[in-house]
Structures are given as C-alpha cells and as structure tokens.
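> Coordinates only, no sequence provided:
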C-alpha cells in the first residue's frame, strides 16, 4: 500500500482486529475490584460472598457483626462457590453462627463452627456438586441440591439430606428431574 504525498505515513504493522497491543493490563482495570453476592442474615449478623480479583477470583465468605465489624469467615484457599447447573448459587447457609459451604476446588461441603479456625468436611470425596443449602434443625441436617457426576453423560440431580456432623453419607430424598432448585 502506498501513501499519497500529502497523507501522513503510518509505519506501524497492521494487526488483525482485536489483537492490538495495549499498555493497559486487565489487572489494572480489575485488580482491586470485588464482586458481591448471596447475602444471608443470621440473627444480628449479615453474611455475603466477596469475589476477589486480587485473590485470583476466589470467593470469600464475609460476616458483619452486630457491632459493625467485618471479618473473613472462610480462610484461604477455600473458595465458596458451587458449580451446580454450571452457574452455581446457594453455595452456603448459616444457622446459629454455624456455616456450611460448598468449596469450588473439590465440590465437597464443609462446616465451620463459631470460633473454629478450619472448616471440617462433611460430605464424602467424589464427583459431586452441592448448592441451594437450607438448614433443617429438627433433623440436625440440611437440605441441598446435589449433582452426581460419577457416571457417563448428564449428571444426575437430586435433593439430599446431609447430616450436620457428616456421620453418614447424604441421603437422597428426591431424584430424577434434570433441573432441581
């Protein structure tokens, strides 16, 4: 391509659309941003999830106490997220200060009691995902939507009862439809 005599000349290489180099990095735009979601109230305390870009997108459960102070509830490297139905949601529940949450890395459910430093796993290892957690105090369990990814093809969805102490495997209450919530 030849430039006309009165046109400014641009010697920069021509690149395909969308591949231009930029001095602005994605970290410059999103590095300190925090995504908020899944608010929950337990007595005088408020809980929510913070998706933190500065921590590689890890989702942290945060609590605001009645006195206005806030603190992270889940320690690193726990990532409070569920991938049920691929988009997740309902990844934790709180009752009386006891938290039960889904950890994205292994899909297991963990319980974190008030004052405890480390969460305790309460579901077995395996290709399972849990979401939409609800406490059932009369039976010392909670209910959850579970996807079983152990077989070939589509995962099997079920509503399960999960013992709060993890003393036995989750019990299937309803199974069959492709989508449960």
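All right, it came through fine. What you are looking at is a predicted structure, and each value in this text was computed from that prediction instead of being measured.
> Check the gap between residue 164 and residue 11 for me.
Distance, residue 164 to residue 11, by CB to CB, to the nearest Å: 69 Å. The C-beta positions use only the backbone N, C-alpha and C, and glycine is treated the same way.
> okay, those two: which has more neighbours?
Just comparing residue 164 and residue 11: by other CB atoms under 10 Å the higher neighbour count belongs to residue 164, 17 against 5.
> Show me where the chain has its strands.
Taking DSSP state E, the strands of the chain run over residues 34-42, 45-52, 58-64, 70-72, 92-95, 98-102, 109-112, 120-121, 128-136, 141-148, 156-163, 171-175.
> any chance of these in CSV, with mean neighbour count, mean pLDDT and distance to residue 21 too?
Output for the strands of the chain, formatted as CSV (neighbours: other CB atoms under 10 Å; pLDDT from 0 to 100; distance: least, CB to CB, whole Å):
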stretch, mean neighbour count, mean pLDDT, distance to residue 21
strand 34-42, 13, 90, 28
strand 45-52, 17, 95, 28
strand 58-64, 20, 96, 29
strand 70-72, 11, 96, 37
strand 92-95, 22, 95, 41
strand 98-102, 24, 96, 40
strand 109-112, 23, 95, 43
strand 120-121, 12, 95, 46
strand 128-136, 20, 93, 39
strand 141-148, 22, 92, 42
strand 156-163, 18, 93, 46
strand 171-175, 12, 94, 52
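> Just put these in TSV and tack on distance to residue 85.
Below are the strands of the chain laid out as TSV (distance: least, CB to CB, whole Å):
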stretch	distance to residue 85
strand 34-42	15
strand 45-52	17
strand 58-64	17
strand 70-72	27
strand 92-95	16
strand 98-102	13
strand 109-112	17
strand 120-121	23
strand 128-136	7
strand 141-148	8
strand 156-163	8
strand 171-175	15
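> Would you enumerate the residues in contact with the residue lying closest to residue 84 once chain neighbours are set aside?
Take residue 84 and drop its neighbours on the chain: the residue closest to it by CB to CB, 6 or more residues apart in numbering is residue 131, 3.6 Å away. By CB atoms under 8 Å, 6 or more residues apart in numbering, the contact list for residue 131 reads 82, 84-85, 88-91, 102, 144-145.
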